[in-house]
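Student: Sequence and computational prediction follow.
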Amino acid sequence: MKATVISSADIKDNILIPKYYNNKIESSMSQLGDNLRLLNLGQLIDDGVISVCSGDEPGKMAYGTGDIPFVRTSDISNWEIKTIPKQGVSETIYQQYAAKEDVQPGDILLVKDGTYLIGTSCIVTPLDTPMLFQSHIVKFRVEDPSVVTTEMFFIALNTPLVQQQIRAFQFTADIIDTIGTRYREIMLPIPIDVDTRKRIEVIVGDALKKRMHARTIVKQFPVLIEKALQEGSMRAFREFDNLPFDAQMNQLVSDTSTLEFGQGSKYAMRSDAIVDNIFIPKYYDPMINEDLDTLAETCDLVTIAELVEDGVLSLASGDEPGKMAYGTGTIPFVRTSDFANWEIKHDPKQGVSEQIYNAYATKEDVQAEDILLVRDGTYLIGNTCIITPEKSKMLYCGGLIKIRALDQKRVSSFLLLALLNSYIVKRQIRSKQFTRDVIDTLGNRFPEIVLPIPKNKTLRDEIAEYVRNIIIDRIMGKDDIEAFAFGISWLAHDEVPIYDTFGLHIMGGRGMRNGRRATMI
């Protein structure tokens, strides 16, 4: 480890933590050249260009009292808020904090307390309001876009230079880390050239909109796929797509209200119908069987176990290399909290070394178009994502199930993802989710789940293509954001036009990065 010597006169606020005085950051700032300028975030706040507000803690008794999202640090992933945040609060509790927090579309949330999540940010969209956010998050709002726009501020926050500063400002406070109010010290790299800034702002804005619209579909997907399965057509999808965005927003429903076995529900069943000594009422929810019987008119009802036996699907569980493996390398070790909205985080929490990866890689054998499903946890159980080619070099934990479509003609990967996100399948998952020790689990009950596979091949293909396009749009938007966040630093050394500097060529809204299409599915 290289030692750094600084003058006692350079000590700030009695901070004696060496990483705070990272000379590599200072060196990077001094080499920015003529293409970039540095803007101090604290000065922007003092000048009224940017306003700032911290969140609140209504207390655990408020959790679950309603459907208004209470956004916590783990609810921010891939520069957006999860479609189903973990906690919801009532209208009464919301009103206690709403005026102070005043969350609006276009606001930027930044995680300031925690550990690995510190520095994570997102832009609030119309999909996310109304909401409250916790005290570990700080909210920024651009008040004067003539100085810096929301898109430019957002990208600057995600540049390696700013993320390095945030890590340097991150100190341990009690049991968690925090940057406190040191976010005011952040120096933002902003391109000087007006045309360059405008190009970045337009492309990043388009990428954010693309991801938001695709997320709208993801949020409404359980309703839409259920209608498609019942009607045997894509009519519901087409009608939703043709609605103006505001009208789409009015149709969005909570994913939680229809999943749980109804309180006070009563039914009688014969004792010889008890399975494996399971005496949990929701496991035998009669409404599920009634709805499956209705779907039998348009769908083939097949259990996952039968599809595995027929060689259509394969199932595999992950591994636990142990906490000593965490942080030994950069190969992602994906855990249950590392994906949301059908995709893996661009920066999973834990990474392992090549050696540890090789010890498990053959057994886990992760490939593009594999699907991961959360088996163990609580509210995350049933969450799914699909593996894209650039994410296929990875390991996954024992709380996940890997599902592979072996017979793409019978059940393609994208059709499988669609069916796993239908209400009828989600409700079955909830009915088979039991508490074990301190967490819930599906255990070995996942193969019991019945998939409603459309009898009509055209419909199967249309659903699969529809889901595939959602994934493509989200990947392209994510790639565009990531490319610009990393690319701004290159402007310090290169005066190549922006589309060459970033290796990103915009062609009809489709992104290319490093000479290849951003969409490789």
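Tutor: Looks like it came in fine.

Student: Export only the CA atoms of the host helix or strand of Arg430, formatted as CSV.
Tutor: Secondary-structure element containing Arg430, defined by DSSP states H and E: helix 423-431. Coordinates of the C-alpha atoms in helix 423-431 are reproduced here as CSV (Å, rounded to 0.1, in the frame of the first residue of the first chain):
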residue,chain,number,x,y,z
TYR,A,423,-50.9,-13.3,-11.5
ILE,A,424,-51.9,-16.9,-11.6
VAL,A,425,-48.3,-18.0,-11.2
LYS,A,426,-47.4,-15.3,-8.6
ARG,A,427,-50.4,-16.4,-6.5
GLN,A,428,-49.3,-20.0,-6.6
ILE,A,429,-45.8,-18.9,-5.5
ARG,A,430,-47.3,-17.0,-2.6
SER,A,431,-49.4,-20.0,-1.6
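
Student: What helices and strands are in contact with it?
Tutor: Judged by 3 or more C-beta pairs under 8 Å, 6 or more residues apart in numbering; DSSP states H and E, the packing partners of helix 423-431 are helix 194-231, helix 286-295, strand 450-454. In short, each C-beta sits where N, CA and C put it, glycine included.

Student: which one of the ones you listed is the most hemmed in?
Tutor: strand 450-454 (a mean of 22; mean count of other C-beta atoms under 10 Å).

Student: tell me the mean pLDDT for it?
Tutor: The predicted model gives strand 450-454 an average pLDDT of 97.

Student: Not counting its own residues, what contacts that strand?
Tutor: Here strand 450-454 makes contact (C-beta atoms under 8 Å, 6 or more residues apart in numbering) with 228-229, 232, 292, 295, 298-304, 307, 410-411, 415-416, 419-420, 422, 424-425, 428, 460, 463.

Student: Check which helices and strands the helix or strand following that strand sits against.
Tutor: The helix or strand immediately downstream of strand 450-454 is helix 457-487, counting by DSSP H and E. Helices and strands in packing contact with helix 457-487 are listed as helix 150-157, helix 194-231, strand 343-344, helix 413-420, strand 450-454; criterion 3+ C-beta pairs under 8 Å, 6+ apart.

Student: Which of these comes out lowest on mean pLDDT?
Tutor: Mean pLDDT across the helices and strands packed on helix 457-487 is lowest at strand 343-344; the value there is a mean of 88.

Student: OK, contacts around Asp122?
Tutor: Wrong residue type there; residue 122 is Cys, not Asp. Residues in contact with Cys122 (C-beta under 8 Å, 6+ apart) are 76, 79-81, 108-109.

Student: Show me these that map onto strands.
Tutor: Among these, the members found in strands (DSSP state E) are 76, 80-81, 108-109.

Student: would you list the residues you listed in CSV and tack on neighbour count, pLDDT and distance to Gln170?
Tutor: Formatted as CSV, the ones in strands among the contacts of Cys122 follow (neighbours: other C-beta atoms under 10 Å; pLDDT from 0 to 100; distance: C-beta to C-beta, whole Å):
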residue, neighbour count, pLDDT, distance to Gln170
Ile76, 23, 91, 16
Glu80, 25, 91, 23
Ile81, 24, 91, 22
Ile108, 20, 98, 19
Leu109, 24, 98, 17
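
Student: Nearest to Arg404, out of the residues you listed: which one, please.
Tutor: Ranked by distance to Arg404 (C-beta to C-beta), the ones in strands among the contacts of Cys122 are led by Glu80 at 27.6 Å.

Student: to the chain's geometric centre, what's the distance from the following helix or strand past the helix holding Arg430?
Tutor: Beyond helix 423-431 in the direction of the C-terminus, DSSP H and E gives the next helix or strand as strand 434-436. Here the centre of strand 434-436 is set off from its chain's centre by 26 Å, with C-alpha atoms, centre = their mean, to the nearest Å.
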